[in-house]
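> here is the input, now give the coordinates:
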Amino acid sequence: MTFFRTLPLGALNYVEIIRTGSLVELSVLALLAAASAFSWALIAVKLRQLSRARQQSLAFLDTFWKASRLDSIYQKAQTLTSSPLSRVFCAGYEELSRLAQSKNPQEGAMAERLGGIENVERALNRASTSEITHLESKVSFLATVGSSAPFVGLFGTVMGILSAFNEIAEKGNATLSTVAAPIGNALFATAAGLFAAIPAVVAYNSFVSRIRVFDTEMSNFSSDFLNIVKRHFFK
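Residues are numbered from 1 along each chain as shown. Okay, the predicted model is just below:
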């Protein structure tokens, strides 16, 4: 308890850390600051994107299960551009419309009908893959920051400690007053690395979990949509 009473929260002199830091330390801190700033901006963008996707997906599912005609669902889905489910539905509906315009599936042979089902299924799978790729865009950067930032900070700490020891060796004086400040400044790089890494790791795990839910929902919706198409269009 005595240690914490003698070390107030504002004890760190950040201006002094920057003024006395070596080129390597300052480069490491600048890199970590840039990575942290970009990570927070990306977190804000992804939170907004996934929140809109969730809200619009719920609205689309409500429309899909209540409507009685696919064309009315399609008109509603075109307004819900942030929903992965609505975009998957649009891809399947557009493929189904092309098949209906080219020929009447009910009049074709069994092989032709099965081929039509496969076309719709492929369109749904392509749309699902495209939506997952869109949702995962730039999320890997958070994983990179989370895994590499601590090591970058540790690199800055090691270089700072080496510089401090070299300075001590030149002066020939190893008292606490000469050792504490440079080593404390060097350890600040590790703290900066953790500061950049921890939010990135937490956000990455959260985003991956939410994207996995969307992936499952699109797979389930594709199966339901195919069943409806088979019952009504490929009897």
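> so which strand or helix has the closest residue in space to residue 77 that isn't next to it in sequence?
Leaving aside its chain neighbours, residue 77 sits nearest to residue 86 (3.9 Å; criterion: CB to CB, 6 or more residues apart in numbering). (Glycine included, C-beta is placed from N, CA and C.) In this assignment (DSSP states H and E), residue 86 forms part of helix 84-102.
> what's the answer for residue 45, then?
helix 23-66.
> please state the offset of that helix from the chain centre?
6 Å (CA atoms, centre = their mean, to the nearest Å).
> what's near enough to touch the most centrally placed residue in the chain?
Central residue of the chain (CA atoms, centre = their mean): residue 139, 2.8 Å from the mean position. By CB atoms under 8 Å, 6 or more residues apart in numbering, the contact set of residue 139 is 46, 204, 207-208, 211.
> any idea of the pLDDT on it?
Looking at residue 139, its pLDDT is 95.
> next: residue 154.
On the pLDDT scale, residue 154 gets 92.
> check residue 235 too.
Confidence score, pLDDT, at residue 235: 60.
> now do residue 38
Predicted confidence (pLDDT) for residue 38: 96.
> and for it, the neighbour number?
16 (other CB atoms under 10 Å).
> who does the helix or strand harbouring residue 117 touch, helix- and strand-wise?
Element membership for residue 117 (DSSP H and E) is helix 110-135. Contact partners of helix 110-135 among helices and strands, from 3 or more CB pairs under 8 Å, 6 or more residues apart in numbering; DSSP states H and E: helix 23-66, helix 84-102, helix 176-233.
> which residues touch the closest residue in space to residue 138 that isn't next to it in sequence?
Leaving aside its chain neighbours, residue 138 sits nearest to residue 42 (5.8 Å; criterion: CB to CB, 6+ apart). The contact partners of residue 42, by CB under 8 Å, 6+ apart, come to 138, 141-142.
> export the residues you listed to TSV and tack on distance to residue 222 and secondary structure?
Output for the contacts of residue 42, formatted as TSV (distance: CB to CB, whole Å; DSSP: H, G, I helix; E, B strand; the rest coil):
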residue	distance to residue 222	secondary structure
138	26	coil
141	29	helix
142	28	helix
